[in-house]
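**Student:** Pasting the sequence and the predicted model now:
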Amino acid sequence: MKKILKGTAILTLWLLIWHVTAVIINDNFLIPTPLETLKALFVLCQTEQFYLAVFKSIFRIVIGFILGVTVGFLGGIAANKFSLFNDITKPAMQVIRAVPVASFIILAFYSFESNEMPIFIAFLMVLPMIWSTTQTALAGIDDKFLELGKVYKLSFWKIFFKIKLPFIMPTLLTSCLTALGFAWKSGIAAEVICRPQLALGTLLNDNKNYFDMPAVFAITVVVALLSIVLEIVLKQVVRRVLNAKN
Amino acid sequence: MLKIKNLSFSFGEKLVINNFSLSIENGEKIWLSGPSGCGKTTLIKLILGLLKANSGEIDLGGMTPSVVFQENRLLPFYTVMQNIELVGGDKQKAKEILLALGIGETENSYPSSLSGGMKRRAAIARALSVDFDLLILDEPFNGIDEKNLELTINCIKEFTQDKTVILITHNPEEARLFGAKKVEINN
């Protein structure tokens, strides 16, 4: 109860700061008040397009995230196991990390359909994070535990699934949480630039073009809230996986 | 019969084992003795195939090894019984051994909740619960209090009656209680 009250008080304080700032600036093109934003959100919520955009944005970015986690995980395992593979792929991972998201979007603009671009960008953001986490976590496992597997002649799969995987799981899942945040933000950015049909990013861009700043603010709030919701959902999954392990 | 012939091993430039030979009859119990750093642990790692010798031969004579390492090496995310089952230990036999070692109640406990001595005995239980012909014990009684020492030694003796055992310990009293024949290793 105390926690809820404290949370509500903090939220109210920030809304108040937002409201006062908007009133002082007194230009809803620059910064609309929370009430104007809420009204815009109410209008958006009455359209079917908005819900479809929310659903499709989540779908695209989650697909990119899952692909990134899968390829990153497998790549990290291979890079840990085969040094030549690591030597070959290392520069590619470094480039992916170093190049800004916007550059990738522009570079891949003509290679992908606008619908596919957010998937590709989310994938690219997640890939090197999960790749390096998997590789580093596997390398960090104490050899002493792996020697057990050798002495008792455990199969490759048993060593991997029963010894290695439980060791790297907490680090990997924490990395997934961070990666999801990156996937979400970069995926929405890709939607803003590529404007796929039915997407939150496209809605943001359209409303910016119509100079409807309360709607832009409202969509931004929705994007932020969805990011928090996705993180909470993944945290629950992580907690369940870790509890099941223990 | 376990046969080690002209075995040599070095870590880089440092020669750790120099032309070492040893034969151990099936069912024999030996105590590998020698000063710290003389290569006792290295020798057992070579026997277990965890290190590769520079020269010489090791023939286990078809024996299946089991080991209590110097460290417990209990996986932290598994219970004692899960640790035992992971390496192929028999559940029923493991229960018997845990009881004999005085830690019967720990089978569903995680290593983090056990005392040092209990962890050590759990590691011993794991090594004894698998099918083996050769048991290698590297400082197995470290951290076990006096009260439980004799109990632990007797339990190992009971479950290794017809097995070959290599014991490493700095404590001659432990070796005496165990009834192992002394083999000096000094390179």
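**Tutor:** Structure's in. What do you need? Numbering: from 1, shown residues only, chains lettered A, B, ... in the order given.
**Student:** Show the pLDDT at the most centrally placed residue in chain A.
**Tutor:** Centroid-nearest residue in chain A, with C-alpha atoms, centre = their mean: residue A:180, separated by 2.5 Å. As predicted, residue A:180 sits at a pLDDT of 94.
**Student:** surely it meets residue A:233?
**Tutor:** No. Using C-beta atoms under 8 Å, residue A:180 makes no contact with residue A:233, being 9.3 Å away. Every residue, glycine included, has its C-beta placed from N, CA and C.
**Student:** Write out the residues of chain B neighbouring chain A.
**Tutor:** Residues of chain B found near chain A (C-beta under 8 Å from any C-beta of the partner chain) are B:48-50, B:65-67, B:69, B:71, B:73, B:75, B:77-78, B:86-88, B:110, B:130.
**Student:** Mind checking which of these are buried?
**Tutor:** Neighbour-count burial (16 or more other C-beta atoms under 10 Å in any protein chain shown) applied to these gives B:48, B:50, B:65-67, B:69, B:73, B:75, B:77-78, B:86-88, B:110, B:130.
**Student:** Specify the local secondary structure of the nearest residue to residue B:45 once chain neighbours are set aside.
**Tutor:** Once flanking residues are discounted, residue B:45 sits nearest to residue B:51: 4.5 Å by C-beta to C-beta, 6 or more residues apart in numbering or on different chains. Under DSSP: H, G, I helix; E, B strand; the rest coil, residue B:51 falls in the coil class.
**Student:** which sections of chain B are below the confidence cut-off?
**Tutor:** B:187 (pLDDT under 70).
**Student:** what element comes up after the one helix or strand residue A:104 maps to heading to the C-terminus?
**Tutor:** Using DSSP states H and E, residue A:104 sits within helix A:101-107. Moving toward the C-terminus from helix A:101-107, the next helix or strand (DSSP H and E) is helix A:117-139.
**Student:** So what's the gap between that following helix and the chain middle?
**Tutor:** 11 Å (C-alpha atoms, centre = their mean, to the nearest Å).
**Student:** What of stretch A:57-67?
**Tutor:** Chain-centre distance of stretch A:57-67: 9 Å, with C-alpha atoms, centre = their mean.
**Student:** Going by neighbour count, list what's buried in it.
**Tutor:** Within stretch A:57-67, the residues that qualify as buried are A:57, A:58, A:60, A:61, A:62, A:63, A:64, A:65, A:67, counting by 16+ other C-beta under 10 Å.
**Student:** now these as TSV including secondary structure?
**Tutor:** TSV is the format used below for those (three-state DSSP):
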residue	secondary structure
A:57	helix
A:58	helix
A:60	helix
A:61	helix
A:62	helix
A:63	helix
A:64	helix
A:65	helix
A:67	helix
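**Student:** Next, find the distance separating residue A:32 from chain B.
**Tutor:** Residue A:32 sits 51 Å away from chain B, taking C-beta to the nearest C-beta, to the nearest Å as the criterion.
**Student:** Now, the residues of chain B next to chain A that are in helices?
**Tutor:** residue B:86 (DSSP state H).
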